[in-house]
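Asker: just need the structure, nothing else, for what follows:
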Amino acid sequence: VGGLIPRMTTKLKTNSQNHNPKKSLAVMNKKTPNTNTKQPGGRQLSRIAWCSFLVVALTPSAGFADFAVADDNGTPVTATPWLAGVTTNSVYACVDADSTATATVNYGLTTAYGSSATTLTTGSSIDQTELYPPDEGVTSALLTYVHNVNLTGLLPNTVYNYQVTHGTSVSANYTFRTAPEAGKPARFGFAADTRADSNGPTTNHNICAGNLAAMNPKMIIYGGDIAYGSGYHQWTKDWFGAGVSNQVALNSSVPFVNAPGNHEGWNRKESDGGAPHKNTRAFTESPSGTDGEGGEGYFSFDYGDVHILVLNNEIDDSPGSAQWLFAENDLMNSTAKFKIVASHKPAISYGSHNSDGSMDAMATALFEPYGVNFVMAGHNHYYQHNERNGIHYMVVGSFGSPLHVPDPSDTSSTTPGLGMRAPRSMS
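Answerer: Residues are numbered from 1 along each chain as shown. So this is what the prediction gives:
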């Protein structure tokens with residue numbers, strides 16, 4: 001595995017390039033030997049690694065009979081469990097099954113397990129999926145249910161084994177690590193825009209997922225557009241399918257959260273009834289297990305010394321909105337050493353979709369006064385790094401999607417009437 005690792009300093013210049021999809025990942029390692037980089041105020045954030053070069057072939061564990069998702073033709077296939085919303089003492093183990101019959105997760109420090117939780121355990125839930133034409137063009141009557149089983153009573157920064165049972169079938173054994181406490185090293189990843197085109201190949205996504213796995217993250221934040229659309233068929237192709245076996249393997253051992261993107265969406269268009277997209281909400285989970293604050297896909301959590309605010313650009317995020325007020329209160333009251341904001345649309349970005357005006361406004365009004373260190377986003381399918389007023393703005397939207405071309409000369413905003421202020425340094 002090779003890597004290009006720019007060391008972070010307080011005077012980083014923009015690094016804008018048409019990024020190779022094999023290099024499109026970010027893993028944050030808070031404490032790494034042989035580094036002396038400092039963030040504003042003397043705080044240390046050791047490195048962000050942006051690329052790995054070799055394909056890592058990970059063989060996914062076999063699924064089992066009554067855990068069912070659909071292949072490209074809508075035919076039921078077996079599924080592998082995934083993990084979401086990890087904290088120091090809990091995590092969600094999730095599986096897509098063919099009925100609401102109780103799912104059980106056995107877990108413990110060894111394969112002898114010793115603890116168990118079920119769909120009926122406090123904090124657990126079942127989300128029904130849906131077929132949603134015309135997103136997928138699949139007409140089968142397959143109906144599935146995502147079981148989100150809340151595993152609690154865990155120790156911080158500890159490796160656990162788990163195994164899922166549903167009906168008469170039993171999964172393979174998988175492992176995960178709980179979140180570290182404050183003051184302990186934290187290692188996690190960020191990636192965005194994993195989706196292929198409508199019926200396009202998922203090859204690049206699978207390569208990127210293998211590379212990210214090789215960097216050994218313990219938790220991953222995704223910046224949206226992880227499926228081409230909200231349809232069940234598109235989710236299972238881009239996120240759970242045989243063509244992304246490396247992603248499936250990652251999901252089963254590395255807990256994740258997602259900032260919703262415009263492709264998987266959050267709600268249908270008003271012209272289409274405005275109802276929630278059930279699949280996006282079923283296949284992702286926040287640490288609180290409530291689809292985010294107020295059930296609207298935005299939330300925050302701590303991971304080691306890092307406070308992470310995840311935003312949802314698919315609902316109102318304008319000044320005075322519920323999401324804006326949540327973000328303001330959250331950032332104002334966090335005392336974490338580092339603060340990171342994750343969203344799908346970038347506050348600062350040059351080329352393709354450019355910057356998002358609402359995010360840029362939030363950056364000025366909230367991120368700067370409340371000490372945010374990094375803002376991580378996708379939407380634009382390239383890698384770009386800008387720094388403004390002490391905040392590093394990273395665009396890493398190249399985890400499998402067709403690439404866009406960055407344009408450092410384009411300073412327009414995607415929101416009419418909101419121009420973008422120039423970053424402090426750029427090249």
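Asker: hang on, isn't residue 400 packed against residue 202?
Answerer: Yes - at 6.6 Å, residue 400 counts as touching residue 202 under the criterion of C-beta atoms under 8 Å. The C-beta positions use only the backbone N, C-alpha and C, and glycine is treated the same way.
Asker: spit out the residues that contact these two alike.
Answerer: residue 196 (C-beta atoms under 8 Å, 6 or more residues apart in numbering).
Asker: the two: who's more crowded?
Answerer: residue 400 (29 against 24; other C-beta atoms under 10 Å).
Asker: the nearest residue to that one once chain neighbours are set aside - how many residues pack around it?
Answerer: Once flanking residues are discounted, residue 400 sits nearest to residue 205: 2.7 Å by C-beta to C-beta, 6 or more residues apart in numbering. By the criterion of other C-beta under 10 Å, residue 205 has 28 neighbours.
Asker: would you double-check that residue 205 falls in a helix?
Answerer: Yes - assigned with DSSP: H, G, I helix; E, B strand; the rest coil, residue 205 falls within a helix.
Asker: ok, it touching residue 398?
Answerer: No - the pair residue 205 / residue 398 is not scored as a contact, 10.3 Å apart, by C-beta under 8 Å.
Asker: coming back round to it: which pLDDT value goes with the residue nearest to residue 400?
Answerer: With respect to pLDDT, residue 205 scores 85.
Asker: for the helix or strand hosting residue 233, packing partners?
Answerer: Using DSSP states H and E, residue 233 sits in helix 232-238. Helix 232-238 sits against strand 64-70, helix 278-283, with contacts defined as 3 or more C-beta pairs under 8 Å, 6 or more residues apart in numbering; DSSP states H and E.
Asker: give me that answer again for 6 Å
Answerer: If you count contacts as 3 or more C-beta pairs under 6 Å, 6 or more residues apart in numbering; DSSP states H and E, helix 232-238 packs onto helix 278-283.
Asker: show me where the stretch 151-300 of the chain has strands.
Answerer: Along the stretch 151-300 of the chain, counting by DSSP state E, counting those that start in this stretch, strands occupy 159-166, 169-170, 174-177, 187-191, 220-222, 256-258, 299-303.
Asker: closest one to residue 112 among these?
Answerer: Proximity to residue 112 (C-beta to C-beta) singles out strand 159-166 among those, at 8.6 Å.
Asker: just the buried residues of that closest one, please?
Answerer: Of all the residues in strand 159-166, those buried under the rule 16 or more other C-beta atoms under 10 Å are 160, 161, 162, 163, 164, 165, 166.
Asker: which strands and helices lie in contact with that strand?
Answerer: With contacts taken as 3+ C-beta pairs under 6 Å, 6+ apart, strand 159-166 sits against strand 91-97, strand 103-108, strand 174-177.
Asker: each with direction, which strands does that strand pair with?
Answerer: Using DSSP bridges, strand 159-166 pairs in its sheet with strand 103-108 (antiparallel), strand 169-170 (antiparallel), strand 174-177 (antiparallel).
Asker: buried set for the last one?
Answerer: Residues of strand 174-177 classed as buried: 174, 176, 177 (neighbour count, 16+ other C-beta under 10 Å).
Asker: the first one touches residue 250, doesn't it?
Answerer: It refers to residue 174. No - under the criterion of C-beta atoms under 6 Å, residue 174 is not in contact with residue 250, lying 11.1 Å apart.
Asker: just for the stretch 1-150 of the chain, where's the confidence low?
Answerer: Residue ranges of the stretch 1-150 of the chain with pLDDT under 70: 1-78, 132-142.
Asker: give me the distance between residue 202 and residue 284.
Answerer: Using C-beta to C-beta, to the nearest Å, one gets 19 Å for the distance from residue 202 to residue 284.
Asker: whoops, I mixed them up, residue 120
Answerer: For residue 120 relative to residue 284 (C-beta to C-beta), the value is 22 Å.
Asker: out of those two, which sits in the more crowded spot?
Answerer: Neighbours were counted for residue 120 and for residue 284 using other C-beta under 10 Å; residue 284 has more, 28 against 11.
Asker: spit out the contact partners of that one.
Answerer: residue 258 (C-beta atoms under 6 Å, 6 or more residues apart in numbering).
Asker: how close does it get to residue 176?
Answerer: Applying C-beta to C-beta, the value for residue 284 to residue 176 is 17 Å.
Asker: and residue 360, by the same measure?
Answerer: Applying C-beta to C-beta to residue 360 and residue 176 gives a distance of 36 Å.
Asker: before we move on, what about residue 347?
Answerer: From residue 347 over to residue 176 the distance is 32 Å, taken as C-beta to C-beta.
Asker: check residue 405 too.
Answerer: Remark: distance between residue 405 and residue 176 (C-beta to C-beta) = 38 Å.
Asker: one more: residue 105?
Answerer: To residue 176, residue 105 is 11 Å away according to C-beta to C-beta.
Asker: now do residue 166
Answerer: The value you get for residue 166 to residue 176, if C-beta to C-beta is used, is 19 Å.
Asker: can you check residue 183 too?
Answerer: Distance, residue 183 to residue 176, using C-beta to C-beta: 21 Å.
Asker: check residue 327 too.
Answerer: 29 Å.
Asker: what's the answer for residue 324, then?
Answerer: Per C-beta to C-beta, residue 324 is found 33 Å from residue 176.
Asker: one more: residue 316?
Answerer: To residue 176, residue 316 is 34 Å away according to C-beta to C-beta.
Asker: do residue 319 as well
Answerer: Taking C-beta to C-beta, one finds residue 319 at 39 Å from residue 176.
Asker: equivalent analysis for residue 163, please.
Answerer: 12 Å.
Asker: now swap in residue 375 and tell me
Answerer: Here the criterion is C-beta to C-beta. By it, residue 375 lies 27 Å from residue 176.
Asker: before we move on, what about residue 104?
Answerer: Residue 104 is 17 Å from residue 176, by C-beta to C-beta.
Asker: ok, residue 99 next?
Answerer: In terms of C-beta to C-beta, residue 99 sits 26 Å off from residue 176.
Asker: equivalent analysis for residue 202, please.
Answerer: If you go by C-beta to C-beta, the gap between residue 202 and residue 176 works out to 24 Å.
Asker: do the same with residue 348
Answerer: Residue 348 is 34 Å from residue 176, by C-beta to C-beta.
Asker: from memory residue 191 sits against residue 399, does it?
Answerer: Yes - in this structure, residue 191 is within contact of residue 399 by C-beta under 6 Å, at 4.1 Å.
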